[in-house]
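Novice: generate coordinates for the sequence data below:
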Amino acid sequence: MPKKANEVGALGLNKEKYTKAGRYSVGGVAGLYLKVSPSGARSWVLRVIVGNKRRDMGLGGFPDVTLAQARDKARQVRADLEKGIDPIAARNANKSALIAARNKEITFEKAATLFIDTKSLGWKNAKHTAQWSATLKTYAYPIIGKMQVKDIESPHILKILEPIWGTKTETASRLRGRIEQVIDWTIAARYIAGENPAKWQGRLDKLLPHPSKVAKIKHHPAMAYTEIGKFMADLRHKVGVSVRLLEFTILTAVRSGEARGATWAEIDLDAGVWTIPAERMKAKKEHRVPLSEPALKILREMPRIDDGALVFQAPRGGMLSDMAMTAIMRRMGQDTVPHGFRSTFRDWCAECTNYPREVAEMALAHAIDNKVEAAYRRGDLFEKRARLMAEWAKFCGTISLSAEVISLNKKVSA
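Specialist: Sure, this is the predicted structure:
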């Protein structure tokens, strides 16, 4: 039998010999040693046989781990070995589990930041990113920003939403959707598991009234189509880049952002076609706009710097703001907004023409809701839309007390 080591007492460890580099058996438990490194650091090591291999297992540093504690740890390791437990493997597994758990810990604010950073790459403009950040910072972060996402429950979401659900319903509804998307991201990224506490269907819809029951949806104020002729006549007496931009936006029935961002490279004056690239469209699909003669006249009279430049540049360069057009309308005594002219155009199409619905919808670049129809609709009805836009331009240039219904087969004079 191997010689049993003498049991060293706690005071005995103060002897000079235990300060020199080496390995010293301290007794009490077989295989327990005090290891002294060349630097003078001291730590406990237990030498054991695991399976058929000899292993050295660290038990902590001295004096943080006392002699008595080292012996207790050593006895526990030997007890586990007798039960067939590999203490080193068990400790490594526990350590890995702890690291994994810590890696899965993420606060809502951190998750939202990562989500926005990732998703903003596909968002159309910085304004959308700023809106996301602003709403979460204002309403969500004060309540759940520092919370671990795994600890967020529906009552926390209600605490955020309830104060503004009745007074700022649209904001509250968008906020809920944004919180839901952030938490969905943490679920997909395996930070948490389980159901999303911000989910509407089957969860929050049982705790909050539907937004439509709280506040009516407010559409963009729009001008009646019977008033467009008088407005356009007044508009054409005014000068300025913003004025011409507003006129061009009305004639083409596009979204204001699409018109403000128009470049010369997108426009073929000879063919009378403006091709808006997919990345500038809401539906992320290229859109060809047939240009009527009045629209082409505006373009021909605009100063042209180079093919890549904006058609309607701000005085100091860059894109004009939507407020530039809105300000013109305010000065003309209108309480409508530029986007509302799309509704004006759509009402005119329905009330005064016999053009099929899909022609008007495609002129507005609206997505086709019916998936089957969308799959089979390959063309863009360009020729029909060209005739429609010519009729619209003619209507915008006419002041009339009554609206004439325009036939699809009616020829349009140049």
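Novice: now residue 111, nearest residue through space, not along the chain?
Specialist: Nearest residue to residue 111, sequence neighbours excluded (Cβ to Cβ, 6 or more residues apart in numbering): residue 186, at 5.0 Å. (Glycine included, C-beta is placed from N, CA and C.)
Novice: check contacts around residue 321.
Specialist: By Cβ atoms under 8 Å, 6 or more residues apart in numbering, residue 321 lies in contact with 260, 314.
Novice: where does it land on pLDDT?
Specialist: For residue 321, the pLDDT comes out at 89.
Novice: quick one, domains of the protein?
Specialist: 11-103, 108-214, 225-396 (automatic domain parsing).
Novice: pLDDT of the shortest one, averaged?
Specialist: To tie it back to what came earlier, the one meant is domain 11-103. Domain 11-103 shows a mean pLDDT of 78.
Novice: kindly report the same for stretch 209-217.
Specialist: Rounded mean pLDDT across stretch 209-217 is 74.
Novice: about what we covered before: what strand or helix carries the residue nearest to residue 111?
Specialist: Using DSSP states H and E, residue 186 sits in helix 169-188.
Novice: show me how far that helix is from its chain's centre.
Specialist: Centroid displacement of helix 169-188 relative to its chain, using Cα atoms, centre = their mean, to the nearest Å, is 10 Å.
Novice: quick one: contacts of the helix or strand that comes right after it?
Specialist: Per DSSP H and E, the first helix or strand lying C-terminal to helix 169-188 is helix 211-214. For helix 211-214, contacts defined as Cβ under 8 Å, 6+ apart pick out 165-166, 169-170, 172-173.
Novice: now with 7 Å, please.
Specialist: 165-166, 169, 173 (Cβ atoms under 7 Å, 6 or more residues apart in numbering).
Novice: go through it and flag the buried ones.
Specialist: residue 211 (16 or more other Cβ atoms under 10 Å).
Novice: and stretch 310-329, by the same measure?
Specialist: Residues 310-313, 320, 322, 324-326, 328-329 are the ones in stretch 310-329 that count as buried (16+ other Cβ under 10 Å).
Novice: mind saving the C-alpha coords of it as PDB?
Specialist: Backbone C-alpha positions of stretch 310-329 (Å, rounded to 0.1, in the frame of the first residue of the first chain) are rendered in PDB as follows:
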ATOM      1  CA  LEU A 310     -32.600  64.900 -58.800                       C
ATOM      2  CA  VAL A 311     -35.200  66.500 -61.100                       C
ATOM      3  CA  PHE A 312     -36.600  68.600 -58.300                       C
ATOM      4  CA  GLN A 313     -33.600  69.700 -56.200                       C
ATOM      5  CA  ALA A 314     -33.900  71.800 -53.000                       C
ATOM      6  CA  PRO A 315     -32.300  75.200 -53.200                       C
ATOM      7  CA  ARG A 316     -29.300  74.000 -51.200                       C
ATOM      8  CA  GLY A 317     -29.100  70.700 -53.000                       C
ATOM      9  CA  GLY A 318     -30.600  67.300 -52.000                       C
ATOM     10  CA  MET A 319     -34.200  66.200 -51.900                       C
ATOM     11  CA  LEU A 320     -37.100  68.500 -51.200                       C
ATOM     12  CA  SER A 321     -39.200  67.600 -48.100                       C
ATOM     13  CA  ASP A 322     -42.800  66.700 -48.100                       C
ATOM     14  CA  MET A 323     -43.500  69.800 -46.100                       C
ATOM     15  CA  ALA A 324     -42.300  71.900 -49.000                       C
ATOM     16  CA  MET A 325     -45.400  70.800 -51.000                       C
ATOM     17  CA  THR A 326     -47.700  70.900 -47.900                       C
ATOM     18  CA  ALA A 327     -46.600  74.500 -47.200                       C
ATOM     19  CA  ILE A 328     -47.600  75.600 -50.800                       C
ATOM     20  CA  MET A 329     -51.100  74.000 -50.200                       C
END
